[in-house]
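Enquirer: fold the following and give me the result.
(one chain, ligands or ions: 1)
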Amino acid sequence: MSDSDRVVVIGTGPAGAAAAVILGNAGFSPLLLEAGSGNAHLGLTARIRGLTVAKLKPPLRLRDDLATTDAACELFEELAPGGLSNHWACAVPRFSRDDFQDAARAGDEYTWPIGYDDLVEWYERIEPLMQIAGDGRRAARLPSGRVRRVVALDPEWDAVAREVTDSGRDIVAMPYAFGQETTITRAATQFNAYTRLVAPRVRTGELQVNYDAQVLRLEYSPASRRVTAVLCRNPRTGAQTRIACRAVVLAAGAVNSAQILLQSRSADFPLGLGNSHGLVGRYMHDHPLGKLVIDTGHKVRTSVAAYITRPSLEKTKPLYAAACMQWGGAAAMARALLRGGKADWIGFSVFGTMIPTRDDGIALEENRTNGSRARVSYALHYPRDAVSELERTRDDVMTAMRRAGWEPRERLFVVEKPGNSVHYGGTCRMHASPQFGVVNAVSRLHDVENVVVADSSVFTTGPEKNPVLTAMAIGARATDRLAWDLRAGDL
Ligand SMILES: Cc1cc2nc3c(=O)[nH]c(=O)nc-3n(C[C@H](O)[C@H](O)[C@H](O)COP(=O)(O)OP(=O)(O)OC[C@H]3O[C@@H](n4cnc5c(N)ncnc54)[C@H](O)[C@@H]3O)c2cc1C
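Expert: Take a look at the predicted model:
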């Protein structure tokens, strides 16, 4: 294959890893460009049947090079192989049919050009890579996935489950990647996307990775109306390289993918590639997050974490909903084990939705496209109603527990700053119309055919569920379509 026939994937986080696997399976040998070092110390995780017994973890850092930011919001990133999957909790719920319908009823601006049925095949292809432990049961607002190990909640939850139906909710076991496996991983989580999906394929020669390759911009050729090369900089030496390519899969995370496009200025795209309608970087969303600890007055087995779903559509306003994800951390488990595997308190992350607006997101403050990455301004705000929805969810859960005969008392409820969930999305949103979207239904830039955006930046809205599985499924679908078009000679 000549250099200019190469397909380049930018980033080795979950989105880049899924795209690379699909391209590798399709017979392409993509080149992955990773800003982080190949020698990065990722940590160590040891687990016995899903219980973490040892963990070494590098710190998760706030991005500190922003030009302006509102003190009320924060932005995290990890420039290392695997990206933020070196820190994540490995929860992998599917989006549900309702999540797409919820967006559609909010109006055209929020309507996804794809729905749940478009993704089923891709969930089915990605889930086996993640060796999921989850509930075999289908809940109204959490479709069951292809799980490797079926787990069940403590029957103590049954009475609470009956009561939450009043608020249109359901309770199921949360699906987790490598959730019940016995593993030792050279990473800070049991599923770092690089360690699990990329590194083994590098060893067999299926994939190739250039480390210390921070992409600054994509080079657009007006003659071919395509991106024909990627410009990278080695963050350690400052050396720059130009990598010719036939197509690009952008998977640098919802902030950095948008930033790369904004930095890709040319005479044809003076505001950045894909930014003809000024949408790149806008409509950013993260989950409003409440941390809730309840003294339950009742002993419950905690080895399988509960997920209390969002309410049904008729019980909520468009794009306002929240769900509860029970904490399953090693410390909570250890304390419960000392009490015979049961605990009398439960912690939850209450994740809500927010209506994305044009005012939230990142914008370029400086154009340093020839030197290093530019500084960006950043703003993210939760509407007041989004916080009320978190409070309503807390109240629904406490009420259901009370009616089930538990004696719940709220020990803690805090609403975190915007950006604290680190579930960023929306900055290169997907929409049928270029007026409202940067990419089309197969995640290709409306402006340029040979660029796919494969990460959660394409989310049109941010349903209350953790984003990784759906980002990987959408990215895999888009990359497969790219492979078809490349093979057919259409690109
Ligand atoms: C504490 C914590 C817990 C979480 N728990 C969950 C969870 O349970 N479930 C869930 O679904 N999500 C969870 N998340 C969110 C999840 O980790 C992210 O949504 C996910 O990792 C995003 O994947 P990505 O591939 O799009 O981006 P990232 O994981 O950010 O990966 C981006 C990759 O691109 C590279 N990169 C960036 N810029 C450039 C550039 N210019 N050139 C080349 N390479 C570049 C980075 O080094 C990195 O390898 C959690 C996050 C945190 C912090």
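
Enquirer: what is residue 233 paired to in the beta sheet?
Expert: residue 214, residue 240 (DSSP bridges).

Enquirer: so how far is residue 215 from it?
Expert: 8 Å (C-beta to C-beta, to the nearest Å). Quick note: C-beta positions are derived from backbone N, CA and C, even for glycine.

Enquirer: so for the two, which residue has more residues nearby?
Expert: residue 215 (26 against 21; other C-beta atoms under 10 Å).

Enquirer: now do the contacts for the more buried one.
Expert: Going by C-beta atoms under 8 Å, 6 or more residues apart in numbering, residue 215 touches 10, 33, 35, 230-232, 252, 260.

Enquirer: for the ligand, what is the nearest residue in the stretch 101-250 of the chain?
Expert: residue 215 (3.6 Å; C-beta to the nearest ligand atom).

Enquirer: what number of residues are in the vicinity of the nearest residue to residue 100 once chain neighbours are set aside?
Expert: Of all residues not flanking residue 100 in the chain, residue 115 sits nearest, at 4.6 Å (C-beta to C-beta, 6 or more residues apart in numbering). Residue 115: 16 surrounding residues under other C-beta under 10 Å.

Enquirer: identify each buried residue in stretch 263-279, please.
Expert: Residues 263-265, 269, 272-277, 279 are the ones in stretch 263-279 that count as buried (16 or more other C-beta atoms under 10 Å).

Enquirer: please identify which pair of the residues you listed lies farthest apart.
Expert: By the measure C-beta to C-beta, 263 and 277 form the most distant pair in the buried residues of stretch 263-279, at 17.8 Å.

Enquirer: quick check: residue 149 touching residue 133?
Expert: Yes. Counting by C-beta atoms under 8 Å, residue 149 touches residue 133, with 4.3 Å between them.

Enquirer: who has more neighbours, those two?
Expert: residue 133 (24 against 16).

Enquirer: I'd guessed that one sits against residue 180; true?
Expert: Yes. Contact criterion C-beta under 8 Å: residue 133 and residue 180 qualify, at 4.0 Å.

Enquirer: next, the buried residues of the helix or strand where residue 100 lies.
Expert: Taking DSSP states H and E as the criterion, residue 100 maps to helix 97-105. Going by neighbour count (16+ other C-beta under 10 Å), the buried part of helix 97-105 is 98-103.

Enquirer: the ligand next: which of those residues are close?
Expert: Residues of the buried residues of helix 97-105 in contact with the ligand (C-beta under 6 Å from any ligand atom): none.

Enquirer: between all of those residues, which two are separated the most?
Expert: Longest span within the buried residues of helix 97-105, C-beta to C-beta: 98 and 103, 9.8 Å.

Enquirer: among the contacts of residue 215, which lie within helices?
Expert: residue 260 (DSSP state H).

Enquirer: so which of the contacts of residue 215 reach the ligand?
Expert: Within those, those near the ligand by C-beta under 6 Å from any ligand atom are 10, 33, 35, 252, 260.

Enquirer: looks like the last one contacts residue 217 (just checking).
Expert: Yes. At 6.4 Å, residue 260 and residue 217 qualify as touching, with contact defined as C-beta under 8 Å.

Enquirer: higher neighbour count, these two?
Expert: The neighbour comparison of residue 260 against residue 217 (other C-beta under 10 Å) goes to residue 260, with 29 against 25.

Enquirer: how about that one, nearest residue that isn't a chain neighbour?
Expert: residue 215 (5.5 Å).

Enquirer: over to residue 114?
Expert: Here the residue nearest residue 114, using C-beta to C-beta, 6+ apart, is residue 441, at 5.4 Å.

Enquirer: so in that sheet, which strands flank the top strand by length along the chain, and in what orientation?
Expert: Identified as the longest strand of the chain according to DSSP state E is strand 289-301. Strand pairing for strand 289-301, determined by DSSP bridges: strand 342-352 (antiparallel), strand 409-415 (antiparallel).

Enquirer: looking at those, spot the one closest to residue 458.
Expert: Of the strands paired with strand 289-301, nearest to residue 458 by C-beta to C-beta is strand 342-352, at 19.4 Å.

Enquirer: off-centre distance for that closest one?
Expert: 22 Å (C-alpha atoms, centre = their mean, to the nearest Å).

Enquirer: that one - what's its average pLDDT?
Expert: Mean pLDDT, taken over the full extent of strand 342-352, equals 94.

Enquirer: so it, near the ligand or not?
Expert: No. Against the ligand, strand 342-352 shows no contacts by C-beta under 6 Å from any ligand atom, the least distance being 8.8 Å.

Enquirer: which parts of the stretch 201-350 of the chain sit against the ligand?
Expert: So the stretch 201-350 of the chain meets the ligand at 213-215, 251-253, 256, 260 (C-beta under 6 Å from any ligand atom).

Enquirer: could I get those residues as TSV with distance to residue 140 and pLDDT?
Expert: Output for these, formatted as TSV (distance: C-beta to C-beta, whole Å; pLDDT from 0 to 100):
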residue	distance to residue 140	pLDDT
213	45	98
214	44	98
215	42	98
251	32	98
252	35	98
253	31	98
256	36	98
260	39	98
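
Enquirer: need the max-distance pair from those.
Expert: So, these by C-beta to C-beta: farthest apart are 213 and 253, at 15.2 Å.

Enquirer: so for these two, which sits in the more crowded spot?
Expert: Legend: neighbour count by other C-beta under 10 Å for residue 213 and residue 253, higher for residue 253 (28 against 21).

Enquirer: quick one, what contacts the more buried one?
Expert: By C-beta under 8 Å, 6+ apart, the neighbours of residue 253 are 11, 13, 15, 77, 83-84, 424, 455-457.

Enquirer: repeat that with 10 Å
Expert: 10-11, 13-16, 77-79, 83-84, 259, 422, 424-425, 427, 455-457, 471 (C-beta atoms under 10 Å, 6 or more residues apart in numbering).

Enquirer: same question for residue 478.
Expert: Applying C-beta under 10 Å, 6+ apart, the residues near residue 478 are 19, 22, 114, 122, 249, 430, 439-444, 452-454, 458.

Enquirer: what of residue 130?
Expert: 14, 18, 90, 92, 145-148, 175-179, 191, 193, 196-197, 468-469, 472.

Enquirer: list, out of those residues, those positioned next to the ligand.
Expert: 14, 90, 468.

Enquirer: let me know the closest of these to the ligand.
Expert: residue 468 (3.1 Å).

Enquirer: touching, that closest one and residue 87? I think so.
Expert: No. Counting by C-beta atoms under 10 Å, residue 468 stays clear of residue 87, with 11.7 Å between them.

Enquirer: more neighbours: these two, which one.
Expert: Neighbour tally, residue 468 and residue 87, criterion other C-beta under 10 Å: the higher count belongs to residue 468, 28 against 20.

Enquirer: which phi and psi does the residue lying closest to the more buried one once chain neighbours are set aside have?
Expert: Of all residues not flanking residue 468 in the chain, residue 14 sits nearest, at 4.9 Å (C-beta to C-beta, 6+ apart). When read as degrees, to the nearest 10, the backbone of residue 14 gives phi -50, psi -40.
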